[in-house]
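Asks: A structural model of the following input is requested.
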Amino acid sequence: MSEHKLRSHDWFGRKDKDGIIYRSWMKNQGMPNDMFDGRPVIGICNTFSELTPCNAHFRDHAEMVKRGVLEAGGFPVEFPIMSLGETLLKPTAMLFRNLASMDAEESIRGNPIDGVVLLTGCDKTTPSTVMGAASVGLPTIVVPGGPMLNGHYKGQQIGSGTHVWKFDEDMKTGKMTQEDCEFAESCMSRSIGHCMTMGTASTMACMVESLGLTLPGAAAIPAADSRKKQMAQLSGRRIVEMVRENLTIDKILTREAFENAIKVNAAVGGSSNFIIHLIAIAGRIGVPLQLEDFDTLGSKIPLLLNLMPSGKYLMEDFFYAGGLPVILHELREHLHKQVVTVTGKNHHDNLQKEVKCYNEEVIAPLSKPFMPEAGCIVIKGNLALHGAVMKPSAATPALMKHQGRAVVFESIEDYHARIDTPDLDIDASCVMVLKYVGPVGYPGMPEVGNMALPKKLLQQGVTDMVRISDGRMSGTAYGTVVLHVAPESAIGGNLALVENGDMIELDVAQRRLHLDVPEEELARRRAAWTPPKPAASRGYVSLYIKHVLGADKGADLDFLQGNSGSAVTRDSH
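Replies: Numbers count the residues shown, from 1 in each chain. This next block holds a predicted model:
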């Protein structure tokens, strides 16, 4: 029994008609009377779907969580929400992140749940569920689904996502046949789990562990490793204790926790998508977090993890080397120590036992980092008045200061139609510009910012070019890519005004992105510009277009910012 009154008592503790309804229909599942004796009811929010391959093993994880909940004296109830599969869902899973967060929020609030376990894996399933849980405010613990085992192809180690771009280039240049590619597909995805590179899924797993929302060491355990099931079971036990302690999510997600997460993300070479998701989570919990914070707090943090796409190794190697606890230990002097986690202790106390790195080729000590400054940076200028982001650890150093002629693609269709045409006027010094792929413009802000280079330049041996868009880039991708340009082109940002032949300057050291066009000419172009027709006139997509915030604000819906708490004051009968 808990010392404080539980929410579920307002359902199952009733002695009236409504209490009969609430208990009786649950009993059709074979539940005895003593399940309604006041024990904590734990919701298991399951993002399982066979259309989300990264999460297809979550039925097993849910059963392990249930086992832990029962062992600790709780009452487990599993419920589904919309699952977001990055690889299959069109036009982009990001379009539906906020919808899934609403699903999670209302499912948690509207049901007799005292604490919640979030089963997360593929990219958007982590931020969406955390956003929803933050808007309710119950005790919450996250169980990351785990990465796939390392890929192996013809004697080399290959990484999901990262090698997709390489295989595509090899196909275009004749280095790889279609038969080779189909064989490599199976070699790359050879087990259950999400991308085993430091893509967005792995970044999100590290994010929730660094925020304090998981048990220590949860992020890097491969999905196929039996210790992942152990972690799920232990998390089931712990959430029951958290309910009894009234350790709610708002006590964990403090400003200091967000600052820790930003620094950890830099050290692991995490995805640029981390920025947009963390801002959105902060907006739900009511913590002030600005785009500039990511540069101020993270850009000077060294790279300690040698993982694709910024390095050589993969998540399985990261786990064997010691996992995120080693990173937290190395960064201990950079992190806020008095920040509570789901254990009820801070990271410092969680790591009191010996933390050892077992492979310094994978995890470097702070004194000998793989890169002295690795965090994502924020750049501004007349082409990005509200800011844009870059990931230096995945970029080409020689392109960090560059001036080039713009080659403009007016839409993703325009890009696909022209990029490999022999007469495209482009060379390696040019700057590729893609418009109308932001939150409003696409809609949903897809991962198309890392545009594939023209076939004719790939055949010449060109491996990178400066690319600019208001879209996103897969965390598994690489290149000198300027992303999340805000304001976006579809709402009249200056990106919409760029024309072929304009000169663009990128100066990463000065945090500058400048379109070399006189203000008078920009004013003339603006007067002639007309916004594109909205992509939808009904349904959720129309609602999204009308209410989505800019990338610099986390691309949440404006009416979802903040939280509504857990109270439900009216009954259903």
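
Asks: what secondary structure does Ala535 sit in?
Replies: Look at Ala535: counting by DSSP: H, G, I helix; E, B strand; the rest coil, its state is coil.

Asks: and the gap between it and Lys337?
Replies: Here Ala535 is placed at a distance of 47 Å from Lys337 (Cβ to Cβ, to the nearest Å). (C-beta placed from N, C-alpha, C; glycine too.)

Asks: more neighbours, the two?
Replies: Neighbours per residue (other Cβ atoms under 10 Å) separate Ala535 from Lys337, with Ala535 holding more: 18 against 12.

Asks: how many residues are close by the closest residue to that one other than its chain neighbours?
Replies: Leaving aside its chain neighbours, Ala535 sits nearest to Pro443 (5.1 Å; criterion: Cβ to Cβ, 6 or more residues apart in numbering). Pro443: 23 surrounding residues under other Cβ under 10 Å.

Asks: please apply the same query to the one 4 residues further on.
Replies: With neighbours defined by other Cβ under 10 Å, the count for Glu447 comes to 24.

Asks: ends of stretch 162-180, how far apart?
Replies: Taking Cα to Cα, to the nearest Å, stretch 162-180 runs 17 Å from one end to the other.

Asks: one more: stretch 66-75?
Replies: 8 Å.

Asks: for it, what is the distance to the chain centroid?
Replies: Distance, stretch centre to chain centre, for stretch 66-75: 29 Å (Cα atoms, centre = their mean, to the nearest Å).

Asks: kindly report the same for stretch 203-213.
Replies: Centroid displacement of stretch 203-213 relative to its chain, using Cα atoms, centre = their mean, is 10 Å.

Asks: repeat that for stretch 429-438.
Replies: On the basis of Cα atoms, centre = their mean, stretch 429-438 is displaced by 23 Å from the centre of the chain it belongs to.

Asks: cool, stretch 236-247 as well?
Replies: 26 Å.

Asks: give me the residues contacting that stretch.
Replies: 2-4, 6, 40, 42, 64-74, 76, 114-117, 139-141, 215, 340, 342-344 (Cβ atoms under 8 Å, 6 or more residues apart in numbering).

Asks: could you do stretch 7-25 as well?
Replies: Contacts of stretch 7-25 from elsewhere in the structure, counted by Cβ under 8 Å, 6+ apart, are 26, 36, 38, 40-41, 75, 112-114, 138, 566, 568, 571-573.

Asks: what comes up buried for it?
Replies: 7-8, 10-14, 22-23 (16 or more other Cβ atoms under 10 Å).

Asks: same check on stretch 389-407?
Replies: Within stretch 389-407, the residues scored as buried using 16+ other Cβ under 10 Å are 389-395, 399-400, 402, 404, 406-407.

Asks: end to end on that stretch, go ahead and measure it.
Replies: End-to-end span of stretch 389-407 (Cα to Cα): 20 Å.

Asks: quick one: mean pLDDT for that stretch?
Replies: In this model, stretch 389-407 has a mean pLDDT of 96.

Asks: distance from the chain centre to it, please.
Replies: How far stretch 389-407 lies from its chain's middle: 23 Å, per Cα atoms, centre = their mean.

Asks: please indicate which of the contacts of stretch 236-247 are buried?
Replies: Neighbour counting with 16+ other Cβ under 10 Å marks 2, 6, 40, 42, 64-70, 72, 74, 76, 114-117, 139-141, 215, 340, 342-343 as buried within the contacts of stretch 236-247.

Asks: so which of these are in strands?
Replies: Residues of the buried ones among the contacts of stretch 236-247 located in strands (DSSP state E): 42, 76, 115-117, 140-141.

Asks: out of these, who's nearest Cys54?
Replies: Comparing these against Cys54 with Cβ to Cβ places Val117 closest, at 17.8 Å.

Asks: now render the buried residues of stretch 389-407 as a markdown table, adding distance to Gly479 and secondary structure.
Replies: A markdown table is the format used below for those (distance: Cβ to Cβ, whole Å; DSSP: H, G, I helix; E, B strand; the rest coil):
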| residue | distance to Gly479 | secondary structure |
| --- | --- | --- |
| Val389 | 13 | strand |
| Met390 | 10 | strand |
| Lys391 | 9 | coil |
| Pro392 | 11 | helix |
| Ser393 | 12 | helix |
| Ala394 | 7 | helix |
| Ala395 | 7 | coil |
| Leu399 | 9 | helix |
| Met400 | 12 | coil |
| His402 | 13 | strand |
| Gly404 | 14 | strand |
| Ala406 | 17 | strand |
| Val407 | 15 | strand |
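
Asks: in CSV: those residues, plus distance to Phe58.
Replies: Formatted as CSV, these follow (distance: Cβ to Cβ, whole Å):
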residue, distance to Phe58
Val389, 31
Met390, 34
Lys391, 29
Pro392, 35
Ser393, 31
Ala394, 29
Ala395, 35
Leu399, 41
Met400, 41
His402, 44
Gly404, 46
Ala406, 45
Val407, 43
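
Asks: my read: Val142 touches Ser128, true?
Replies: No. If you go by Cβ atoms under 8 Å, Val142 and Ser128 don't touch, sitting 11.9 Å apart.

Asks: which of those two has more neighbours?
Replies: More crowded of Val142 and Ser128, by other Cβ under 10 Å: Ser128, with 32 against 29.
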